[in-house]
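Visitor: Let me see the structure of the following:
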Amino acid sequence: MIASLLAVTLLAGCSTTHVTTTWKAPDVQRLELKKVVAFLVVKDEVVRRNGEHELCERITRIPCAPAFAVVADADRGDVEKLARQVDAAGFDGAVVLRYAGRRTEETYVPPVAPLWGYYGQGWGMAYDPGYVRTDELVDVETAVYAVKARKLLWAGTTESLDPADVRRTVDEIVDAVAAAMRKEGLIPSP
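Guide: This next block holds a predicted model:
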């Protein structure tokens, strides 16, 4: 259910994304990862593979592999097997994107008319009631882990307005998360 919901919401409309919350481990000053694996936690294989691939396309400073290239699909639900495969491939970091919720928001949009416009443009404008716009908001949690220590280093939640497609939404999430991490001094500026 959540997987299909994420697939539908990631494929609908145009997107604007921003970070709503962040957390970092108190002892972490900078992220010093050398090789990361990217996970998108969703059952829909096409959405997952596209998202993991796009996430790695955007992580350019260090080697990144999409989880589908490291972990067998059959082992995704088995934490022990998954951990062994990630460890065996030599990753020291993992970036995990997870669907965290969806909601709709209605906003009243008043009619646009210049002062005295209803006289100049006719009475029809005077009676225009405006309209209500309905937006879909999707929250995605991004978590960065130290693989060997099995430790959460940083987490943030993003909110995307009417997300358009997997590629664009992942791009926007990466941009927003990277900006938040730079602001917190965890990663260097480009």
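
Visitor: how many other residues sit next to Arg61?
Guide: 10 (other Cβ atoms under 10 Å). (Glycine included, C-beta is placed from N, CA and C.)

Visitor: leaving aside the residues next to it on the chain, what's closest to Arg102?
Guide: Nearest in space to Arg102, with sequence neighbours left out and distances taken as Cβ to Cβ, 6 or more residues apart in numbering, is Val138 at 5.1 Å.

Visitor: which SSE is that neighbour in?
Guide: Taking DSSP states H and E as the definition, Val138 sits inside strand 131-146.

Visitor: what comes up buried for that strand?
Guide: Buried residues in strand 131-146, counted by 16 or more other Cβ atoms under 10 Å: Glu136, Leu137, Val138, Asp139, Val140, Glu141, Thr142, Ala143, Val144, Tyr145, Ala146.

Visitor: Quick one: mean pLDDT for the one helix or strand Arg48 maps to?
Guide: Using DSSP H and E, the element containing Arg48 is helix 45-58. For helix 45-58, mean pLDDT is 91.

Visitor: Specify the angle between whichever helix in the chain runs longest and strand 131-146 in degrees.
Guide: In the chain, taking DSSP state H as the definition, the longest helix is helix 166-183. Helix 166-183 runs at 60 degrees relative to strand 131-146, counting by axes from the mean of the first three to the mean of the last three Cα atoms, to 10 degrees.

Visitor: Run the chain-centre distance for helix 166-183.
Guide: A distance of 7 Å separates the centroid of the chain from that of helix 166-183, by Cα atoms, centre = their mean, to the nearest Å.

Visitor: All set, thanks.
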